[in-house]
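S.K.: Can you look at this prediction? I've put the sequence above it.
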Amino acid sequence: MDTITFGLFHDQKSAENAINELSHNGFLSKDISIIMKNQKIGKEVCKSTGAHLAGELLEGLIEFGFSEEKALIYEKYIKAGSILIGITTIDTASTVKQILQRYQAIEIRSLKKNTVKR
């Protein structure tokens with residue numbers, strides 16, 4: 001079953017490094033999404049890493065599958081400048097979590113795809 005794993009990063013460089021390592025470990029760029037406050041910089045990150053923007057703050061978080069309550073918490077981090085990365089995988093969430101932790105991600109969590117609201 002597909003899983004989406006999320007992590008928040010406080011800086012762009014850490015987020016880019018995590019995305020690059022995920023790609024190096026065989027995760028497809030089409031399965032990596034980013035939500036961040038500055039959409040212009042987000043587009044640059046996506047261009048350099050192959051990831052894609054998942055949408056505007058609250059709507060993007062709810063699209064990822066967060067409850068509205070949890071989405072509001074993450075939205076506060078994002079409005080303060082953090083970057084949220086979401087990676088869709090099949091049974092490899094533990095590998096993704098290890099990579100996200102290596103680059104100092106916080107608030108790491110995974111959701112089964114059948115719980116994701118689309």
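M.R.: Great, that's in hand. What you see is a predicted model, and the numbers here were worked out from it, not measured in a lab. Numbering: from 1, shown residues only.

S.K.: quick one, what contacts residue 23?
M.R.: By Cβ atoms under 8 Å, 6 or more residues apart in numbering, the contact list for residue 23 reads 29, 32, 49, 50. All C-beta atoms are positioned from the backbone trio N, CA, C, and that covers glycine.

S.K.: Now do the buried residues in the helix or strand hosting residue 22.
M.R.: Taking DSSP states H and E as the definition, residue 22 sits inside helix 12-24. For helix 12-24, the neighbour count (16 or more other Cβ atoms under 10 Å) marks 12, 14, 15, 16, 17, 18, 19, 20, 22, 23 as buried.

S.K.: Go through those residues and name the one nearest residue 4.
M.R.: Of all the buried residues of helix 12-24, residue 22 has the smallest distance to residue 4: 13.0 Å, by Cβ to Cβ.

S.K.: Look up how far residue 76 lies from that closest one.
M.R.: Distance of residue 22 to residue 76, computed by Cβ to Cβ, to the nearest Å: 25 Å.

S.K.: Please apply the same query to residue 103.
M.R.: Taken as Cβ to Cβ, the span from residue 103 to residue 76 is 21 Å.

S.K.: Tell me which of these two has more neighbours.
M.R.: residue 103 (20 against 11; other Cβ atoms under 10 Å).

S.K.: Show the pLDDT at the more buried one.
M.R.: Note on residue 103: pLDDT of 97.

S.K.: Over to the residue nearest in space to the middle of the chain. Which of the three states is it?
M.R.: Central residue of the chain (Cα atoms, centre = their mean): residue 85, 1.3 Å from the mean position. On the three-state scheme (DSSP: H, G, I helix; E, B strand; the rest coil), residue 85 is labelled strand.

S.K.: Would you check that it makes contact with residue 51?
M.R.: Yes: when contacts are counted by Cβ atoms under 8 Å, residue 85 is listed as touching residue 51 (7.4 Å).
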